[in-house]
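[1] have a look at this prediction, sequence included:
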Amino acid sequence: MQADADPNLIVYFSGQYVPLKEARVGILTHALHYGTGVFEGIRAYWDEPQQDMFVLRQWEHYERWQQNCGILRICVPPPAELCEITLELLRRNNLRTDAYVRPLAYKSAERVGVCTDNQDSFAVIAMPFGAYLPSDNGLHAGVSSWRRIEDNAIPPRAKICGAYVNSALASDEARQCGFDEAILLNESGQVAEGSTCNIFMVRKGKLITPPAAENALEGITRYSVMELAHRELGLQVVERPIDRSELYVCDELFFTGTAVGVAPVVRVDHRPVRDGAIGLVTRKLRQLYFEATRGHLPEYFKWLVPVYKSLKTQQQHEGSLLKGNAS
Ligand SMILES: Cc1ncc(COP(=O)(O)O)c(C=O)c1O
């Protein structure tokens, strides 16, 4: 579990940069009672050799946020403006360590009654943030007794605040049962995802993950890992439903997510995954993801925006963008 954030951290709230301790909402705020908010999670990684920090795929995160806010009819500024706020926040806090950015848009009317109106607010918080799960030696995951919410109840493709009761119940149950993380099945009994992450298995040489239609979030890390697996490892990537029992017979298993990165699972429901060691594909993808997100792989500079704009990185970054535009 992460430590409480520093109350003097500068956050963006009600259109201003203010200390966290001054960013307060009223007790009647609509989102607090009814879960009517949409959040995002973005990583920024510090790279010691380059003495710079890289925000990972922020444009895609803000595009997803804007689209998902639309589900609740919440208006947020366009991605370009939000990207600027994010860079400004990281710089104002002079963060020089791995960090996490949490944008939150919410229905902000202070009154009782579930019906929504057009009073929307948003905030962006950037904080130091280390590993979310202790995954270096592999995780022990357990299938949850809670089912993943359905698209026709609360759309799981969006990070809707109220929907995270589902994740919190599953995550709490997993920890009470001695697991590191939960795996949620959907109402059809097939694997959906983890409580805050997508899931992949390696079986018979293929990399397999449930499609979003199985009630999984359309994870940005998921897409990044699919790209790395295909381009760098030449793996066939398949989106198809996964049975619960396939978790027990697969060759490798791992979670992906902004917070967890690529997190190996070595035991499921007290059964070892294969021989209980981290598999080769998982190991390689984890390493590739690490290198790509810290600006070590020119091919993936397109995913990153440098925060302190070290000249070398910026030039390389612009070079790769030009190359990308030319092709
Ligand atoms: C339920 C759920 N699934 C999957 C993910 C992973 O998505 P992303 O890779 O975009 O962070 C998250 C991230 O928070 C999540 O909350």
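    Perfect, I can see it now.
[2] contacting residues for the residue of the stretch 1-150 of the chain found nearest the ligand?
    Closest approach between the stretch 1-150 of the chain and the ligand, counting by CB to the nearest ligand atom: Gly41, at 4.8 Å. All C-beta atoms are positioned from the backbone trio N, CA, C, and that covers glycine. Residues near Gly41 by CB atoms under 8 Å, 6 or more residues apart in numbering: His61, Tyr100, Val101, Arg102, Lys159, Gly257, Thr258, Ala259.
[3] can you narrow those residues to ones near the ligand?
    The residues of the contacts of Gly41 that also fall near the ligand, by CB under 6 Å from any ligand atom, are Lys159, Gly257, Thr258.
[4] who touches the second one in this structure?
    Spelled out, it's Gly257. Each residue near Gly257 by CB under 8 Å, 6+ apart is listed here: Gly41, Tyr132, Gly194, Thr196, Cys197, Asn198, Gly219, Thr221, Ala263.
[5] save those residues as CSV, and put in distance to Glu291 and secondary structure too.
    As requested, the contacts of Gly257 are arranged in CSV below (distance: CB to CB, whole Å; DSSP: H, G, I helix; E, B strand; the rest coil):
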residue, distance to Glu291, secondary structure
Gly41, 21, coil
Tyr132, 19, coil
Gly194, 24, strand
Thr196, 24, coil
Cys197, 20, coil
Asn198, 20, strand
Gly219, 20, coil
Thr221, 15, helix
Ala263, 17, strand
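[6] can you list the residues you listed in a markdown table and add pLDDT?
    Converted to a markdown table, the contacts of Gly257 look like this (pLDDT from 0 to 100):
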| residue | pLDDT |
| --- | --- |
| Gly41 | 98 |
| Tyr132 | 87 |
| Gly194 | 98 |
| Thr196 | 97 |
| Cys197 | 98 |
| Asn198 | 98 |
| Gly219 | 97 |
| Thr221 | 98 |
| Ala263 | 97 |
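[7] is the helix or strand containing Ser224 anywhere near the ligand?
    Per DSSP states H and E, Ser224 falls inside helix 220-233. Yes - using CB under 6 Å from any ligand atom, helix 220-233 reaches the ligand at Ile220, Thr221, Arg222.
[8] can you pull the residues of the chain lying near the ligand?
    Near the ligand, when you scan the chain using CB under 6 Å from any ligand atom, you find 41, 159, 167, 193, 196-198, 217, 219-222, 256-258.
[9] repeat that for 8 Å
    For the chain, the contact set with the ligand under CB under 8 Å from any ligand atom comprises 41, 61, 64, 156, 159, 164, 167, 193-198, 216-224, 256-260.
[10] buried members of these into ChimeraX, please.
    Entered in ChimeraX, the line below selects the buried ones among the residues of the chain next to the ligand, by 16 or more other CB atoms under 10 Å:
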select :41,61,64,156,159,164,167,193,194,195,196,197,198,216,217,219,220,221,222,224,256,257,258,259,260
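[11] next, the contact list for Ala126, please.
    By CB under 8 Å, 6+ apart, the contact list for Ala126 reads Leu9, Val11, Ala44, Thr86, Leu89, Leu90, Asn93, Leu95, Ala99, Tyr100, Val101, Arg102.
[12] my guess is it is in a helix, correct?
    No - counting by DSSP: H, G, I helix; E, B strand; the rest coil, Ala126 is located in no helix; its state is strand.
[13] identify the bridge partners of it.
    Residues in a beta bridge with Ala126, per DSSP bridges, are Val101.
[14] among the contacts of Ala126, which one lies nearest to Glu150?
    Taking CB to CB as the measure, Arg102 is the one of the contacts of Ala126 closest to Glu150, at 25.9 Å.
[15] dump the residue contacts of the closest one.
    Arg102 neighbours (CB under 8 Å, 6+ apart): Phe39, Glu40, Gly41, Ile42, Val124, Ile125, Ala126, Met127.
[16] how about those residues in a markdown table, adding distance to Asp251?
    Below are the contacts of Arg102 laid out as a markdown table (distance: CB to CB, whole Å):
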| residue | distance to Asp251 |
| --- | --- |
| Phe39 | 34 |
| Glu40 | 33 |
| Gly41 | 29 |
| Ile42 | 32 |
| Val124 | 40 |
| Ile125 | 39 |
| Ala126 | 38 |
| Met127 | 37 |
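[17] just the buried members of the residues you listed?
    Of the contacts of Arg102, these count as buried by 16+ other CB under 10 Å: Phe39, Glu40, Gly41, Ile42, Val124, Ile125, Ala126, Met127.
[18] and Arg91, which of the three is it?
    helix.
[19] the one 4 residues further on too?
    When states are read from three-state DSSP, the local structure at Leu95 comes out as coil.
[20] can I get stretch 257-265 in CSV, CA atoms only?
    Extracted in CSV, the C-alpha atoms of stretch 257-265 (Å, rounded to 0.1, in the frame of the first residue of the first chain):
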residue,chain,number,x,y,z
GLY,A,257,-1.8,-2.0,-16.0
THR,A,258,-0.6,1.5,-15.5
ALA,A,259,-0.1,1.0,-11.8
VAL,A,260,1.2,-2.6,-11.9
GLY,A,261,3.2,-2.5,-15.2
VAL,A,262,3.8,-6.1,-16.3
ALA,A,263,3.3,-8.2,-13.2
PRO,A,264,3.9,-12.0,-13.3
VAL,A,265,1.5,-14.4,-11.7
